[in-house]
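Trainee: the following block contains a protein sequence and its predicted model.
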Amino acid sequence: MKISLAEMFWIFFKISLVLIGGGYVLLPISIDEFSKKRNLLTQEEIINFYALSQCLPGVIVVKTAVFIGYHLRGKGGAVIALLGLITPPFFAILIVANLLNKVNPEILSYINTITIAVIVLVGASFIELAGVCLRNTFTIILFILTILLFIFTNLQPVIIIFILTVLGLFIKFILRKIKNHMRGKV
């Protein structure tokens, strides 16, 4: 099934309307739109685009949308996904800039309500990622180590990610060596 450029624009436009909270909010919404509703991408493909987006500089949401658009419709799809994604914030910024001149308690109350919704959507992202990524004992142990390092050390998140990446690669290398060694004995 191929998606039209107009439909792709509309999907990313709608996603952008509720995308307060950034990249973590994009994940469950994209999985719902492109995997569950339309069966255009697998959940793993979307998570891979999201992970790849985190490895590159810039806004994760924009890069993920561009990757999805490019995967589904090539360069035109990438441009349309980007345009769909940036159109609502463009107009929102114009409106908010105008309203900031007249700040009132109702606007602040609205912003606080949005914060609660963002927390819920970040939690939904965690659940989606955990279901896909925590598949075996090895990944569960790395996950637990990550949490423990975040809670009980003052290390920067980048350092923790680096340490656990190196540790994970080292353990995988050792396990592969052991497995190959065992095959040689049989």
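Mentor: Thanks, I have it. Numbers count the residues shown, from 1 in each chain.

Trainee: show me where the chain has helices.
Mentor: For the chain, the helices defined by DSSP state H occupy 5-17, 23-30, 43-55, 60-99, 105-133, 137-152, 157-185.

Trainee: out of those helices, nearest to residue 36?
Mentor: When the helices of the chain are compared by CB to CB, helix 43-55 sits nearest residue 36, at 8.2 Å. In this view, the C-beta of every residue, glycine as well, is placed from N, C-alpha and C.

Trainee: list the buried residues of that closest one.
Mentor: For helix 43-55, burial by neighbour count (16 or more other CB atoms under 10 Å) applies to 43, 45, 46, 47, 49, 50, 53.

Trainee: what is the least confident helix or strand in the protein?
Mentor: Every helix and strand in the chain was compared by mean pLDDT, DSSP states H and E; the lowest is helix 105-133, with a mean of 76.

Trainee: and that helix, what does it pack onto?
Mentor: helix 23-30, helix 43-55, helix 137-152 (3 or more CB pairs under 8 Å, 6 or more residues apart in numbering; DSSP states H and E).

Trainee: include mean pLDDT and distance to residue 36 when you put those helices into TSV, please.
Mentor: Shown next, in TSV, are the helices and strands packed on helix 105-133 (pLDDT from 0 to 100; distance: least, CB to CB, whole Å):
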stretch	mean pLDDT	distance to residue 36
helix 23-30	80	10
helix 43-55	88	8
helix 137-152	88	23
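
Trainee: so how far is stretch 13-33 off the chain centroid?
Mentor: Put simply, stretch 13-33 sits 9 Å off its chain's centre (CA atoms, centre = their mean, to the nearest Å).
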